[in-house]
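Asker: my questions concern the predicted model and sequence given below.
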Amino acid sequence: MITSVSRRQMVGLCLLCSVLVGMPVQAQSSRTITKEADLDADGTVEVQVGAGSVRVTTWERSSVRAAVKITGESKKEIENVRVRMEGNARRVRIHTEGGSGGEGGLLALFGFGGPSGPESHYTLQVPVTATLSVASEQAPVEVRGLKGEVTVEGSSSPVHLRNVAGDITVATFSGSLEADGVRGGVTFATFSGDARVTLEPPLHGHEFASFSGSANIILPADASFDLRTDFGWGGGLRSDFPLPDSSAQSDGTVSVAGGGPMIAFESFSGDLHLQAE
């Protein structure tokens, strides 16, 4: 039997849907801005982005190139956006200025839409040994083939890394981390984001800390390492590797296959899975 409260909810949803159906669909506009600057082989690239995306690949030149595609519903706002590339050959900072984002209006209260301002989609080419730092609110970040250090700070940004040889530091609120072919150390700090990381030999030290996020760490089947865990309430450990001490199922430090670099995991309610490849 449908209650009166359920009827009101259904009527409200129907009214909202009728408004959405009757609204005109606005076409997306876009323009692309390309800039390039000198950068030392071991220089640093800093990128700041709100809504949009960041994709980074490498090349053999001593420079950084940024192709930024600006998209949105307002041609005027898109035309007002400027791409800034500032700094010198040791450090280059890239960001956008101009345009304005709204709060999404009434529909945002019902989970439809969001900020209505332009989005900035970055495609970067950097020296293979450069250091990369990205500050992102919600834009997905993808990095491939970089041998330098990678740092990503974001709110809900998903982070995808492929064949990164340098140390990796990722800090998010709810954004996830997926990293394959990792040959450096990993530090991942999050409130609720999950991590899936595939480690390549030789192993380095790794640290994972979360409130409710879980981690799936994939290692070579013959890996040797030390493991330190600190679980709060509800979290647990699942391991394909024989553990010499059952106390590792809760809290403590153990050596696996003779010991080696430390893998540390701390979480209140997240799980850790050590998977043998």
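Answerer: Cool, got the structure. As the structure is a prediction and not an experimental result, all values here were calculated from the model.

Asker: show me what residue 230 bridges to in the sheet.
Answerer: residue 251, residue 266 (DSSP bridges).

Asker: thought residue 265 was touching it, still the case?
Answerer: Yes. Contact criterion C-beta atoms under 8 Å: residue 230 and residue 265 qualify, at 7.4 Å. Just so you know, the C-beta spots here come from the backbone N, C-alpha and C atoms, and that holds for glycine as well.

Asker: neighbour count: the two, which is higher?
Answerer: In terms of neighbours (other C-beta atoms under 10 Å), residue 265 is the more surrounded of residue 230 and residue 265; the figures are 25 against 15.

Asker: how many neighbours does the closest residue to residue 177 other than its chain neighbours have?
Answerer: Leaving aside its chain neighbours, residue 177 sits nearest to residue 195 (4.3 Å; criterion: C-beta to C-beta, 6 or more residues apart in numbering). Neighbour count for residue 195, taken as other C-beta under 10 Å: 25.

Asker: so how far is residue 159 from residue 195?
Answerer: 9 Å (C-beta to C-beta, to the nearest Å).

Asker: would you map the helices across the stretch 151-277 of the chain?
Answerer: For the stretch 151-277 of the chain, no helices are identified by DSSP state H, counting those that start in this stretch.

Asker: just the pLDDT at residue 277, thanks.
Answerer: Looking at residue 277, its pLDDT stands at 89.

Asker: apologies, that question was intended for residue 105.
Answerer: We have a pLDDT of 37 for residue 105.

Asker: how about residue 99?
Answerer: Listed pLDDT for residue 99 reads 63.

Asker: and stretch 165-176, what's buried?
Answerer: Residues of stretch 165-176 classed as buried by neighbour count (16 or more other C-beta atoms under 10 Å): 165-172, 174-176.

Asker: next one: stretch 137-145
Answerer: Of all the residues in stretch 137-145, those buried under the rule 16+ other C-beta under 10 Å are 137-143, 145.

Asker: list the neighbouring strands of the host helix or strand of residue 134 plus their orientation.
Answerer: Per DSSP states H and E, residue 134 falls inside strand 131-136. With DSSP bridges as the test, strand 131-136 is paired with strand 44-49 (parallel), strand 150-154 (parallel).

Asker: you'd agree residue 59 is up against residue 127?
Answerer: Yes. Using C-beta under 8 Å, residue 59 is in contact with residue 127, at 7.3 Å.

Asker: how about the strands in the stretch 101-250 of the chain?
Answerer: Taking DSSP state E, counting those that start in this stretch as the test, the strands found in the stretch 101-250 of the chain are 119-127, 131-136, 141-144, 150-154, 159-162, 168-172, 177-182, 186-190, 195-199, 206-210, 215-219, 225-231, 237-239.
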